[in-house]
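Undergrad: Need coordinates for the following:
(2 chains)
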Amino acid sequence: MMNPIRTCEAIARARGNSVIVATMLSMFVFDQLDVKEGRVSSVPLMGGAGGIGLGLALGRPDRTVIVVDGDASLLMQLGGLVNVAEQAPPNFVHFVLNNGTQFTGGSNLRRPGSAALDLCGMARAAGYLHSERIDDIDVLNQRLPILMEEPGPSFVELVVAPAPAAYADQGQPQQLPDIQFTRMGAEALRLREWLRSTPATEA
Amino acid sequence: MEFVVTVPDWMQLALHQQLEARDSGIRQLMCCNEDQAIAVAAGLHMANRRVMVMIQNQGFYACINTIRAIGIDAGLPLVMLIGQFGREEANFGQPATASTRNTVRLLEPVMTALGVRFWNIDSEADLGAIGDALKQAEQHGAPVALNVGAPMAWA
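TA: Okay, the predicted model is just below:
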């Protein structure tokens, strides 16, 4: 089982000029890592990251698009795997942080499905060209350069530990900040401009 | 348009066929549900491509939260062509809100409640609304709907 911060850090190091679509846990981790450019968050919209990433990959076939999804988010829009497989963009890498929880870092409620839920099997059955499960950070670091280069669509289940639960003792959650409801629009504008101004070879 | 992202609609079958069968220069992407169609359209927009969503009224009801997130909160200019699936012929020429079928009757009130501006396309005479809707979406960064109230056909 991997640390989610080290996991996202490895992805950020390997991304090159790729676009990143993040949601939920990975969004907060990329914020901590100060990853800003070429990034958009699917929030508050669980389940949206894969579709947004697919649109980006089809719209910019010259650019690798990395989706960093969550396990519960993926399950909300499982049919999205079929959409990706049908369009089969070779520039699409779909990571899923699988920590078996919802509201990770809040109350860590269990998500539907057992720990043995075969996410890679689902992606493979839908028609992804490649799928694999990684639970070791050294293996991830070895595989990332290859995943960035080989034709997709690729699906990579990343087995990570849940973040510590801030409200584990039935405490009252804090009010969510306004930015969580406005950031997707602001990031979309910046991403459009970034993609206009930085051709794939110059980013 | 460069892309149409869709979950197919009964009223717009002729348009779907046109997009599939001929070299229209528009790529039709089929999605498994309307939430996904809206999300894919959002990604295409972020990639600076021209995109429209084609769905039906039932699909609109199904994906309201995604429209809220992507169209209303994020302010992406989401243009939706929405078929009034199930509209009875007796309602043609009358307000859709007078339909005896809830699937049809509720569409405009729900859009009004959400603040989604809409235009009705019931005949060729209404096609000018498409340009108005596109302009509205781009200028205001908002979702807009073109409600297709009668079955399409190619002459």
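Undergrad: Who are the contact partners of whatever residue of chain B ends up closest to chain A?
TA: Nearest residue of chain B to chain A: residue B:43, at 2.2 Å (CB to the nearest CB). Backbone N, C-alpha and C define where each C-beta goes, glycine included. Listed by CB atoms under 8 Å, 6 or more residues apart in numbering or on different chains, the contact partners of residue B:43 are A:21, A:51-59.
Undergrad: Who's the closest spatial neighbour of the one residue sitting closest to the centre of chain A, skipping the chain neighbours?
TA: Nearest to the geometric centre of chain A sits residue A:68, at 0.8 Å (CA atoms, centre = their mean). Among residues not flanking residue A:68 along the chain, residue A:26 sits closest, at 3.8 Å (CB to CB, 6 or more residues apart in numbering or on different chains).
Undergrad: Next up, the contacts around whichever residue of chain A sits closest to chain B.
TA: Of all residues in chain A, the one sitting closest to chain B is residue A:55 (2.2 Å; CB to the nearest CB). Under the criterion of CB under 8 Å, 6+ apart, the neighbours of residue A:55 are B:5, B:39-47, B:51.
Undergrad: So which of these is the closest to residue A:85?
TA: Distance to residue A:85 across the contacts of residue A:55 (CB to CB) is lowest for residue B:40, with 13.5 Å.
Undergrad: my guess is the closest one meets residue A:86, correct?
TA: No - Residue B:40 is not in contact with residue A:86 according to CB atoms under 8 Å; the separation is 11.2 Å.
Undergrad: pLDDT weak spots in chain A?
TA: Counting by pLDDT under 70, chain A shows low-confidence ranges at A:199-203.
Undergrad: remind me, longest helix of it?
TA: helix A:179-197 (DSSP state H).
Undergrad: how about that helix: buried residues?
TA: By 16 or more other CB atoms under 10 Å in any protein chain shown, the buried positions in helix A:179-197 come out as A:183-185, A:187-192, A:194-195.
Undergrad: Reformat those residues as JSON lines; add distance to residue A:173.
TA: Below are these laid out as JSON lines (distance: CB to CB, whole Å):
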{"residue": "A:183", "distance to residue A:173": "19"}
{"residue": "A:184", "distance to residue A:173": "21"}
{"residue": "A:185", "distance to residue A:173": "24"}
{"residue": "A:187", "distance to residue A:173": "24"}
{"residue": "A:188", "distance to residue A:173": "27"}
{"residue": "A:189", "distance to residue A:173": "29"}
{"residue": "A:190", "distance to residue A:173": "29"}
{"residue": "A:191", "distance to residue A:173": "29"}
{"residue": "A:192", "distance to residue A:173": "33"}
{"residue": "A:194", "distance to residue A:173": "33"}
{"residue": "A:195", "distance to residue A:173": "36"}
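Undergrad: Intersect those residues with the contacts of chain B.
TA: Counting by CB under 8 Å from any CB of the partner chain, A:184-185, A:188, A:191-192, A:195 from the buried residues of helix A:179-197 sit close to chain B.
Undergrad: what's residue B:97 in contact with, if anything?
TA: B:105, B:108-109.
Undergrad: Show me the contacts of residue A:55 that map onto strands.
TA: Among the contacts of residue A:55, the residues falling in strands (DSSP state E) are B:5, B:51.
Undergrad: thinking again about what came up before, the residue nearest to residue A:68 against residue A:67, yeah?
TA: No - under the criterion of CB under 8 Å, residue A:26 is not in contact with residue A:67, lying 9.2 Å apart.
Undergrad: What residues does chain A have near chain B?
TA: So far as CB under 8 Å from any CB goes, chain A lies against chain B at A:21, A:40, A:42-45, A:47-60, A:77, A:79-80, A:82-83, A:86-87, A:181-182, A:184-185, A:188, A:191-192, A:195-196.
Undergrad: No further queries at this time; thank you.
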